[in-house]
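In: sequence-free structure coming up:
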């Protein structure tokens, strides 16, 4: 492989890893980069899933402090993520991609609007005076997830998001952040990001195993993209954890709108 193609793969994967650590949507950088480097679409998609899995794990490790308080939520969402990742990867291998692609812009737009609605809602009053300040000081320890009274609905929604993630995955981080925000109350966005990265690594990991088993992965491009994505994800997670939570939320909304426009143009544009 020549240096130009290697640089395209590494650069796209590094940027994708950083974007995924902050919000999600990095696939829309690394996937086109793989196509530009000469990989066929299916191989580019499969290689991208394999390469970004260790990057998701690296991001999750960077959020380990936040994750130490949220094992209960991870337990609720683990099984639908696993099952959805299996179903989505199988769907990619046996059905035409164009059928699912038609719905992608709408899915990302709905997820983005959900997060926008969450941003515009007035903050809920704290249970005690000064609890918000204490929560900010210790990374949100004073805040607890309000698990929904109907967990089956969250299970179903996470399963559907995971099916999409196993199939292609562009914008999956935004969808999961929107779902988490819908029942998380005022929980710190960095904690939501930590949960999102763990679930994304699970979904990507399941899909990666399926693609490896099917022989759909490019053996030369994968290690190049994998190493660059890990570096990018660690850098992105470190930066994101130092930002004002509200800034991260608005960045996610802006990114979601850009992703929606890009997906819609790719699908329906001239």
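Out: Good, I have the coordinates. The model shown is predicted, which means the values in this text are computed figures rather than measured ones.

In: Mind picking out the helix or strand in the chain with the poorest mean pLDDT?
Out: Ranked by mean pLDDT, DSSP states H and E, the weakest helix or strand in the chain is helix 131-137, scoring a mean of 43.

In: Would you mind listing the buried residues in the helix or strand following it?
Out: Following helix 131-137 in sequence order, the next helix or strand is helix 151-167 (DSSP states H and E). Buried residues in helix 151-167, defined by neighbour count with 16 or more other Cβ atoms under 10 Å: 154-155, 157-167. In this view, the C-beta of every residue, glycine as well, is placed from N, C-alpha and C.

In: which residues of the stretch 151-270 of the chain score low on pLDDT?
Out: 185, 241, 243-245, 270 (pLDDT under 70).

In: now the helices for it?
Out: Counting by DSSP state H, counting those that start in this stretch, the stretch 151-270 of the chain has helices at residues 151-167, 172-184, 189-213, 221-240, 245-268.

In: returning to that earlier point: how about JSON lines for the buried residues of helix 151-167, with distance to residue 173 added?
Out: As requested, the buried residues of helix 151-167 are exported to JSON lines (distance: Cβ to Cβ, whole Å):
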{"residue": "154", "distance to residue 173": "17"}
{"residue": "155", "distance to residue 173": "19"}
{"residue": "157", "distance to residue 173": "15"}
{"residue": "158", "distance to residue 173": "13"}
{"residue": "159", "distance to residue 173": "17"}
{"residue": "160", "distance to residue 173": "15"}
{"residue": "161", "distance to residue 173": "10"}
{"residue": "162", "distance to residue 173": "12"}
{"residue": "163", "distance to residue 173": "15"}
{"residue": "164", "distance to residue 173": "12"}
{"residue": "165", "distance to residue 173": "9"}
{"residue": "166", "distance to residue 173": "14"}
{"residue": "167", "distance to residue 173": "15"}
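
In: Pull the contacting residues for the residue lying closest to residue 27 once chain neighbours are set aside.
Out: Nearest residue to residue 27 in three dimensions, chain neighbours excluded: residue 170, at 4.2 Å (Cβ to Cβ, 6 or more residues apart in numbering). Contact analysis of residue 170 by Cβ atoms under 8 Å, 6 or more residues apart in numbering lists 25, 27, 28, 31, 104, 108, 259, 263.

In: Could you identify the most distant pair in these?
Out: 31 and 108 (14.2 Å; Cβ to Cβ).

In: so what's residue 236 up against?
Out: Applying Cβ under 8 Å, 6+ apart to residue 236 gives the contacts 17, 18, 19, 20, 21, 22, 59.
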